[in-house]
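Peer 1: Just need the structure, nothing else, for what follows:
(one chain, ligands or ions: 1)
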Amino acid sequence: MPSDLETAMEMLILVFHRYASKDGHPGTLSRRELRELMENELANFLKSQKDPGAIDKIMKDLDANGDGQVDFEEFVSLVVGLSVACEQCYKMHKGLKTGKK
Ligand SMILES: [Ca+2]
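Peer 2: I've put the predicted structure just below:
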């Protein structure tokens, strides 16, 4: 049986490819696929973004090699960035509840 972390890694891969396989380039996310992924899988994060151009900005930031497609490595950097932010909230939350670290 896979561990929690192995399951998390597998889910990342599966979610990426579920959206990446929707149009022409099956191994990468186009702008439209990235939008769809974020609307479905990161809806809360997207709601917190007041800027209507947020997805375009994220796309530009993620597309490190500038080919107009987000590959898995570029996608993972988004997930890592969001996870780091979430972990800071988690720590703060825990600190508030227990009164210590
Ligand atoms: Ca790219």
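Peer 1: The nearest residue to residue 46 once chain neighbours are set aside: how many residues sit nearby?
Peer 2: Excluding its sequence neighbours, the residue lying closest to residue 46 (Cβ to Cβ, 6 or more residues apart in numbering) is residue 38, at 5.3 Å. C-beta coordinates here come from the backbone N, C-alpha and C atoms, glycine included. By other Cβ atoms under 10 Å, 20 other residues sit near residue 38.
Peer 1: cool, residue 29 as well?
Peer 2: By the criterion of other Cβ under 10 Å, residue 29 has 28 neighbours.
Peer 1: Same check on residue 31?
Peer 2: Neighbour count of residue 31, defined by other Cβ under 10 Å: 16.
Peer 1: from memory it sits against residue 67, does it?
Peer 2: No - at 11.8 Å, residue 31 does not count as touching residue 67 under the criterion of Cβ atoms under 8 Å.
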